[in-house]
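Student: Output the structure for:
(chains A and B)
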Amino acid sequence: MFIDYSLFILFLPLLAFVIQIFFGKKLPRQGDWVSILAIMTSLVLAIIMFFSMISSYDPNFKEEASFTWFDMGEFKIRLGFLVDNLTIIMLLVVTLISTCTHLFSTEYLKGDIRYSRYFAYLGLFTFSMNGIVLANNLISMYMFWELVGVSSYLLIGHWFEKDSAADASKKAFLTNRVGDIGFFIGIMLIYNAIGSFAFGDIFNGVASEMITGTTLTLAGVGLFMGAMGKSSQFPLHIWLPDAMEGPTPVSALMHAATMVAAGVYLSVRIFPILTPDALLVVAYVGGFTALFAASIAITQRDIKKVLAYSTVSQLGYMILAVGTGVYTAAFFHLLTHAMFKANLFYGSGSVIHSMHHALHKKHDHDTDPQDMMNMGGFRTKMPITHWSMLLSTLAIAGVPLFSGFLSKDAILAGTLSFAQHHPQHFLLPIFGFGAALITAFYMFRMMFLTFYGKPQMPELIDDIHESPKIMTGPLVLLGGLSFFIWYTLPYFNFMSSHGWFTDLVIPRDSSVPGNPSAEYISQGAHHAHHLAMYLSIAVASVGILLSWIVYIKRSLSADAWSKRLGFLYHWSQGKYYFDENYSKYLYQPTLRLAKKIAWIDWELYDKYFINGFGKVTNLASKVTGKFDYEAIDQILVDGTAKIANLLGRLLRTVQTGKLQNYVLYVTCGLIILMIIQTF
Amino acid sequence: MDQLNNYLYISAILFSLGTFAVMTRRNGIAVLMGVELILNAANLNFVAFSRFGGMNMDGHIFSLFVIVLAAAEAAVALAIVINIYNNLHTINVDDAAMMKE
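Tutor: Residues are numbered from 1 along each chain as shown, chains lettered A, B, ... in the order given. Model (predicted):
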């Protein structure tokens, strides 16, 4: 039953995509209702699956179906679908956020020139994301992985008339490709050793030591590279902030809640095959990204850029959790983060929408509607947006009573316990808590600059209005989902994450022999839990307080401090000049190399080899041409024609055209035949 | 006279006369008459063989068919001859040779 349902969930958005791409423009309302109907049906099915999961309450539930994709004797590839509790939760997240995005977009993109195509791409994305979630093997996951990349490319470049959007879409696609090469190498290493792509076979193969040591570490790191690309981890983080060129609802769906979480999902899925060395790589990449992206977010002025770097940082958190072994905490953070971060993006979309309309009314086309320095004091003008965003900000900052507190706490506890067991890795909790501090600071900076204080552009404030109901609906829903209660039911405990989630998604032992058992890891995390909780509450309150002092009380001047910390500020503002350095040390040398190779190709290979070959061919063709004309044409072909001509002339005389002559010939012939018969 | 050969002789004579007429006459109508003679020679053979060869009624039925066909053929052929006359003012078959060139 679950497989059937999930197939419907998978293919309905694809159907909507096909209908939209071919007939979208001809349908009434440009066919947005087709997409909405499809995604809502998927959502209902996902909710049904979710509730039957809750009612059976079985942490070991698993349903798998597979079929042979192609079969060439020894080489056989089987694809299939796997439904377990992880999948069901993920399907619900994807369809829920996707539905919200569909609804939100009907207003946000009203009157857009490629309205129907936009909805088509949303359908394609939902299809491929669900495909990743449902895959039970690496190869079909890889296929859907690339499909997700394509739909991301298409949607970031939705307004491709803008150069920045077109460039951003290319950048996103190409940066992802770098990670995907690693992913593919990882898949091949594993297939080479184990001979199967299915997760179950791979785990068994690793457990029976068919692949060990460095090879397994390399395979794990390779697979993780795919996750680094998709989840925008350092040093492949450069594409996600630029991806904000896409429409804001798309940012909420793909670049905050679901697509970038695919990397985390992959890491969670492959956790059992990661060796201790690979796990360390994962942990350091994640931890460093968390702190590093947070430090960039502090100085950004564009509201969406702040959220983008915050997303990178939170994804770093999840990766850090996988690396330290508490991978269910990573998935828990993925779930809570999807809700509150999508909501923050919808909120920013609502603000930008309203700014855009206000600026449009003033015929002001130069002011950036996304710059927070142009906002301020929107609290009373946009109450629903304000409250909803405030709830989600409290959640992401890790304030008790909100969902983010629980999941962040679980991650930090895992990290702390990891450092307690391995004191040489003391940097990891510093990354974690440092990022938590900075997150609280910059998120409230964003809230304060946007909604509080005096309006920075007083002439606009009268034209700022709350967005229409279809946009505030998702805001109310997802804002409500930022409370802790939804994740800890049926228990009421805002201090620990114990609830349906922890009951249904239980950590499993790693397949790699010698890795600590799940029991050992969760015991450690449990012991570190209280310390982590107090520390995380402390850093969150310090961050919020600092933000309040700087941006509300204004007793510490942000400008003065930025001058005092000159180079740090500029580094952060300039995103540590990653784009510039990549360009200087990576792209430009590559381009120069390409030009050199092109020169060799053109000057040497083309001119001498290809052209020389051409000349030889030319000569040969002239000789054969002469032979063809002189010998074959003149003698053989024309000779045949001449013979035919002669014969024709001779036989012509018989053909008099007189019927009676013919009868005479016939009769003569008959008589001759009869005479021959007689003898 | 009650011999098969006698009928066959008469039939052969008729056939030869018909063929001669078809080959030598220039007049279109006369050519048609020759064709009729050939057909009737064949009819005579059918009937004769039917009578002496023990083939019951088969020969009779066949000759009836031939008569019907001959009538149809005569109708079509005469129509052609009339058309030739209308166009060329002659019924000499040698003159109806416009398609030769």
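
Student: what sits up against stretch A:397-404?
Tutor: Identification of contacts with stretch A:397-404 by Cβ atoms under 8 Å, 6 or more residues apart in numbering or on different chains yields A:333, A:336-337, A:339-340, A:391, A:394-396, A:405, A:408-409, A:436, A:439-440, A:443-444, A:481-484, A:486-487, A:494-495, A:536-537, A:540, A:543-544. (C-beta placed from N, C-alpha, C; glycine too.)

Student: So which of those residues belong to helices?
Tutor: If you go by DSSP state H, the contacts of stretch A:397-404 have A:333, A:336-337, A:339-340, A:391, A:394-396, A:405, A:408-409, A:436, A:439-440, A:443-444, A:486-487, A:536-537, A:540, A:543-544 in helices.

Student: of the contacts of stretch A:397-404, buried ones?
Tutor: Buried members of those, scored by 16 or more other Cβ atoms under 10 Å in any protein chain shown, are A:333, A:336-337, A:339-340, A:391, A:394-396, A:405, A:408-409, A:436, A:439-440, A:443-444, A:481-484, A:486-487, A:536-537, A:540, A:543-544.

Student: count of residues packed around residue A:626?
Tutor: When neighbours are defined as other Cβ atoms under 10 Å in any protein chain shown, residue A:626 has 10 of them.

Student: can you pull the contacts of residue 34?
Tutor: You didn't pick a chain, so chain A it is. Contact analysis of residue A:34 by Cβ under 8 Å, 6+ apart lists A:16, A:19, A:20, A:24, A:27, A:119.

Student: that's the wrong chain, I wanted chain B
Tutor: Residue B:34 neighbours (Cβ under 8 Å, 6+ apart): B:17, B:18, B:19, B:20, B:21, B:22, B:23, B:25.

Student: Sort out for me which of these are in helices.
Tutor: Filtering the contacts of residue B:34 for helices - DSSP H - leaves B:17, B:18, B:19, B:20, B:21, B:22, B:23.

Student: Grab the two from the contacts of residue A:34 that are most spread out in space.
Tutor: The distance between the two most remote of the contacts of residue A:34 (Cβ to Cβ) is 11.3 Å, for A:16 and A:27.

Student: So the two - more neighbours on which side?
Tutor: Between residue A:16 and residue A:27, counting by other Cβ under 10 Å, residue A:16 is the more crowded of the two (30 against 14).

Student: and stretch A:564-576, average pLDDT?
Tutor: Mean per-residue pLDDT for stretch A:564-576: 73.

Student: next one: stretch A:492-510
Tutor: In the prediction, stretch A:492-510 has an average pLDDT of 78.

Student: count of neighbours near residue 98?
Tutor: Let's take chain A. Residue A:98 is flanked by 30 other residues according to other Cβ under 10 Å.

Student: oops, I was thinking of chain B
Tutor: By the criterion of other Cβ under 10 Å, residue B:98 has 9 neighbours.

Student: How about residues contacting stretch A:416-433?
Tutor: Here stretch A:416-433 has contacts from A:280, A:283-284, A:287-288, A:290-291, A:317, A:320, A:323-325, A:411-412, A:415, A:521, A:524-525, A:527-528, A:531-532, A:535-536, A:539, using Cβ under 8 Å, 6+ apart.

Student: Quick one: mean pLDDT over it.
Tutor: For stretch A:416-433, the mean pLDDT works out to 87.

Student: now the ones in helices among the contacts of residue B:34 as CSV including neighbour count?
Tutor: CSV is the format used below for the ones in helices among the contacts of residue B:34 (neighbours: other Cβ atoms under 10 Å in any protein chain shown):
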residue, neighbour count
B:17, 15
B:18, 21
B:19, 20
B:20, 13
B:21, 19
B:22, 21
B:23, 17
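
Student: Export those to a markdown table and append columns for pLDDT and distance to residue A:356.
Tutor: Compiled in a markdown table, those are given as follows (pLDDT from 0 to 100; distance: Cβ to Cβ, whole Å):
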| residue | pLDDT | distance to residue A:356 |
| --- | --- | --- |
| B:17 | 93 | 110 |
| B:18 | 92 | 105 |
| B:19 | 90 | 105 |
| B:20 | 91 | 108 |
| B:21 | 90 | 106 |
| B:22 | 88 | 101 |
| B:23 | 86 | 104 |
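
Student: Those also near chain A: which ones?
Tutor: The subset of the ones in helices among the contacts of residue B:34 within reach of chain A, by Cβ under 8 Å from any Cβ of the partner chain, is B:19, B:22, B:23.

Student: element containing the closest residue to the second one other than its chain neighbours, please.
Tutor: Using Cβ to Cβ, 6 or more residues apart in numbering or on different chains and skipping the chain neighbours, the partner closest in space to residue B:22 is residue B:34 (3.9 Å). Using DSSP states H and E, the secondary-structure element containing residue B:34 is helix B:28-52.

Student: so how far is that helix off the chain centroid?
Tutor: Averaging C-alpha positions (Cα atoms, centre = their mean, to the nearest Å) puts helix B:28-52 6 Å from its chain's average.

Student: which residues of chain B score low on pLDDT?
Tutor: B:1-2, B:55, B:100-101 (pLDDT under 70).

Student: same check, this time on the stretch 151-300 of chain A
Tutor: Residues of the stretch 151-300 of chain A meeting the criterion pLDDT under 70: none.

Student: List the buried residues of the longest helix along chain B.
Tutor: Using DSSP H to define each element, chain B has its longest helix at helix B:58-88. Buried residues in helix B:58-88, defined by neighbour count with 16+ other Cβ under 10 Å: B:59, B:62, B:63, B:66, B:70, B:77, B:81, B:84.

Student: Serialize those to CSV and add fields for distance to residue A:500.
Tutor: Putting those into CSV (distance: Cβ to Cβ, whole Å) gives the following:
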residue, distance to residue A:500
B:59, 103
B:62, 99
B:63, 103
B:66, 101
B:70, 103
B:77, 102
B:81, 106
B:84, 105
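
Student: of these, closest to residue A:377?
Tutor: For these, the nearest to residue A:377 is residue B:84 (109.6 Å; Cβ to Cβ).

Student: residues from chain B in reach of chain A?
Tutor: Proximity of chain B to chain A, by Cβ under 8 Å from any Cβ, involves residues B:19, B:22, B:23, B:24, B:31, B:93, B:94, B:97, B:99, B:100.

Student: need the contact list for the fifth one.
Tutor: It refers to residue B:31. A:660, B:21, B:22, B:25, B:93.

Student: count of neighbours near the last one?
Tutor: Put plainly, it is residue B:93. 19.

Student: how many other residues sit next to the nearest residue to it once chain neighbours are set aside?
Tutor: Nearest residue to residue B:93 in three dimensions, chain neighbours excluded: residue B:28, at 5.2 Å (Cβ to Cβ, 6+ apart). Using other Cβ under 10 Å, the number of residues around residue B:28 comes to 21.

Student: how close does residue B:28 get to residue A:568?
Tutor: 119 Å (Cβ to Cβ, to the nearest Å).

Student: returning to what we had before: residue A:361: which of the residues of chain B next to chain A is nearest?
Tutor: For the residues of chain B next to chain A, the closest approach to residue A:361 (Cβ to Cβ) belongs to residue B:99, at 88.7 Å.

Student: three-state assignment of that closest one?
Tutor: Here residue B:99 is recorded as helix under DSSP: H, G, I helix; E, B strand; the rest coil.

Student: In contact with it, which residues are there?
Tutor: Neighbours of residue B:99 in contact, by Cβ under 8 Å, 6+ apart: residue A:657.

Student: likewise residue A:471?
Tutor: Neighbours of residue A:471 in contact, by Cβ under 8 Å, 6+ apart: A:104, A:107, A:108, A:346, A:349, A:350, A:353.

Student: Tell me the most packed of those residues, by neighbour count.
Tutor: residue A:346 (35 neighbours).

Student: and that one, what pLDDT?
Tutor: On the pLDDT scale, residue A:346 gets 89.

Student: quick one: which helix or strand includes it?
Tutor: Per DSSP H and E: residue A:346 is located in helix A:327-361.

Student: which ones are touching residue B:47?
Tutor: Residue B:47 neighbours (Cβ under 8 Å, 6+ apart): B:7, B:59, B:60, B:63.

Student: Looking at the contacts of residue B:34, which is nearest residue A:548?
Tutor: residue B:22 (125.8 Å).

Student: Much appreciated, bye for now.
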